[in-house]
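In: With the sequence up front, the predicted model follows.
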Amino acid sequence: MKLFIKILLLLLLPFFSKAQSPQSELDSLHLKVQLAKNDTIRMNALKDLGGYYDDVNLDSSVHYSEKAIAIAGQLQLRFDEATTNALICWPIFKMGNYPRALKLLNMDLDFFGNPANEKYIYNVSKGQTPGSIRLYWLSYIHMTFCGLYSYTDNYEKAIVSGKEAIRIAEYLKDTLDLAYSYSTIVEAYIKFNKLDSALYYCQGAVDFYEAGIERKYLADVYIQIGEIFKQKGEFILAKENFVKAIQTGILYNNPILRGEAQLELARLFQSQSKFDSSLYHSKEALAILEITGKEKSTAIAYRMISDCYLSLGKSDSSFVYLRLATVLNDKLDKAEKEKIQEFQVAGFEEALRSQELEKEKIQTQNKIRTYGLLAGLVVFMLIAFLLYRNNRNRKKANDLLQHKNVEIEQQKKNVEQTLTELKSTQSQLIQSEKMASLGELTAGIAHEIQNPLNFVNNFSEVNTELIDELGEEAEKGNLDEVKAIAKDIKENEQKINHHGKRAGDIVKGMLQHSRTSTGVKEPTNINALADEYLRLSYHGLRAKDKDFNAEMKTDFDATIGKINIIPQDIGRVLLNLFNNAFYAVNEQKSRNLNSYEPTVSVITKKVGDKVEIKVSDNGNGIPQKALDKIFQPFFTTKPTGQGTGLGLSLSYDIVKAHGGEIKVETKEGEGSIFIIQLQNL
């Protein structure tokens, strides 16, 4: 142990003198901020400070970068604001704030993915163009996505993003960008246990770093190489690369990577039962990590020190560090779960954003068309009134009886034309209501179809790599490995087929719901139909309001069997009732009542030769004065702009067309129950 420490100190001695220079660099950056003659110079100096602290102290990195972003926003420098947003993402998600990092990256992906934004790029160096600068940052965004997905264990997405970053960097022939992208994608391959692929990208990253002058993150590559050799059981090579990482971290002033390398070296010694060496390097790592802001690695160091003390028979010291590790882990576990959940919700919301924008566009067009028709109708009625008044005055002035019949006939035609246009307007409003219902269905189905599509994409990507490996192993003549890879490919193909059929079934169902009703009754499982539309309504409202939540209770009578109905029409009735119920409980919840639990219930039962469906809620109920009007067209209790007043009217007409009945029971302030009775034929 002592001999190793002496050798390590001798190895590091040449680098100690170089390690003193970073302080002068830091002082220079702070001085540049203080002496800045204008906001633009100050913004660039703050951005440099943020980048410097990214490898020293994460809190400070975020602090100075946010100041730079604020100045860029004030000066309306959109390009500088976007690039600083990209740089701040790394310290943000290293600290565990995944939702904020995802939001910033999606904003930057929109900005750098649009060639029109090249007009905001002003400072173009020799040999560059606005297009090449934009593509560099687009590659950087994909590389940062790769890092974020690796941190959140989404390794399939990490590989896809990493390869896209590499593709753009290769097009630009940017050596440093290739070094960053190669080293970033390695983590995902290690987690996938694709060690040969990981080692290939590591070696490429080292070559690209050595070819350039910026080697600040070279230590990260040596840590990755050490981890690969450790997993392969080649401990001597693993130790050599961890030591290289420590040396490189000192040489190029990267304390965070130096601390991580010390931690990995301690892990290696612990796995070999060299507890003295493991304890030494664990403490070295802890001294660095405690001041850099990486709490997760700090907790790991606490636990390793505790385990080493325990193995060395020092239980008191072990307990002290175990308690520190436990307290910090409890804090991190709670925060991690919250951030991961927020991250997943943010991802889902981003996936629905384009659909919501398209839906709003359609709704706006429908509103404009409807308002135009109503305005035309008002003008027409005004003209008709003026014509009628003129005709009446002319009739009084003219005593000739033969004109009377002509005027009466003209009035009749005017009335018939008005009625025709009123019916046309009503039909368009009804179609608008149906389109709104279809939008609710689409939002609910979107979250259902996303999962199987992700599986299909991910397994297809993995199979592509397996086929490459199959070719390599076949050339080597390694039949056992070829068979194993072929088996993996077959299993993945089965999964692709399974999830493809699942997505197909969902799309088939969506087409069935969205198509125009044929008006033909068919045997339908009313329990399954009610359960399906209940979930679609709930997910549709959740897509619009992530804070919305309610308990759903069902009690289905299994003896009902199938009944003859038009499923699309009855589905619209159920969707409308469910939407109204969820709206009512959400309104009640907004009043901040103590111990209120929003609940929507659905009950089906067989009553003689009829089937009864009850939809109940514990919302605010319906006022008695409005109870007699709720099934009338265009009557609504919702605020202006939130309802057309056609939902219950259409539902009433559909149920009556089926030979059934719909009625309501309500108590103001306690809730409502809508009861549908259909013939069980």
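Out: Sure, I can see it.
In: Which elements pack onto whichever strand or helix holds residue 67?
Out: For residue 67, the enclosing helix or strand under DSSP states H and E is helix 58-74. Helices and strands touching helix 58-74, by 3 or more CB pairs under 8 Å, 6 or more residues apart in numbering; DSSP states H and E, are helix 39-53, helix 78-94. C-beta coordinates here come from the backbone N, C-alpha and C atoms, glycine included.
In: what does that helix contact?
Out: With CB atoms under 8 Å, 6 or more residues apart in numbering as the test, helix 58-74 has contacts from 39, 42-44, 46-47, 49-54, 78, 80-81, 84-85, 87-88, 91-92, 94-95, 292-294.
In: And those residues, which of them are buried?
Out: Among the contacts of helix 58-74, the ones that count as buried by 16 or more other CB atoms under 10 Å are 42-44, 46-47, 49-54, 80-81, 84-85, 87-88, 91-92, 94-95, 292-294.
In: wait, doesn't residue 101 sit right on residue 148?
Out: Yes: contact between residue 101 and residue 148 holds when scored by CB atoms under 8 Å: they sit 5.5 Å apart.
In: Which one of those two is surrounded by more residues?
Out: When residue 101 and residue 148 are compared for neighbours, residue 101 comes out ahead with 28 against 23, by other CB atoms under 10 Å.
In: ok, and the closest non-adjacent residue to that one?
Out: The spatial neighbour of residue 101 that comes closest, neighbours along the chain excluded (CB to CB, 6 or more residues apart in numbering), is residue 93 at 3.9 Å.
In: my guess is that neighbour meets residue 103, correct?
Out: No: shown here, residue 93 and residue 103 do not form a contact pair, counting by CB under 8 Å, at 11.2 Å.
In: what about these two, which has more around it?
Out: A count of neighbours by other CB under 10 Å puts residue 93 above the other of residue 93 and residue 103, at 25 against 19.
In: So what would you say the end-to-end distance of stretch 120-129 is?
Out: Using CA to CA, to the nearest Å, one end of stretch 120-129 lies 12 Å from the other.
In: Could you pull out the buried residues of that stretch?
Out: When burial is assessed from 16+ other CB under 10 Å, stretch 120-129 yields the following buried residues: 120, 121.
In: before we move on, what about stretch 154-166?
Out: When neighbours are counted by 16+ other CB under 10 Å, the buried residues of stretch 154-166 are found to be 154, 155, 156, 157, 158, 159, 160, 161, 162, 164, 165, 166.
In: The spatially closest residue to the second one that is not a sequence neighbour: neighbour count?
Out: With CB to CB, 6+ apart as the criterion, residue 155 has its nearest non-adjacent residue at 4.2 Å, and that residue is residue 188. Burial of residue 188, expressed as a neighbour count using other CB under 10 Å, amounts to 26.
In: just residue 258 next, same as before
Out: That count, for residue 258 with other CB under 10 Å as the rule, works out to 27.
In: so what's it up against?
Out: Under the criterion of CB under 8 Å, 6+ apart, the neighbours of residue 258 are 219, 245, 246, 249, 250, 288.
In: Can you say which helix or strand has the closest residue to the last one other than its chain neighbours in it?
Out: Spatially, and ignoring its direct neighbours in sequence, residue 288 is nearest to residue 259 (3.4 Å; CB to CB, 6+ apart). Take DSSP H and E as the rule and residue 259 turns out to sit in helix 255-271.
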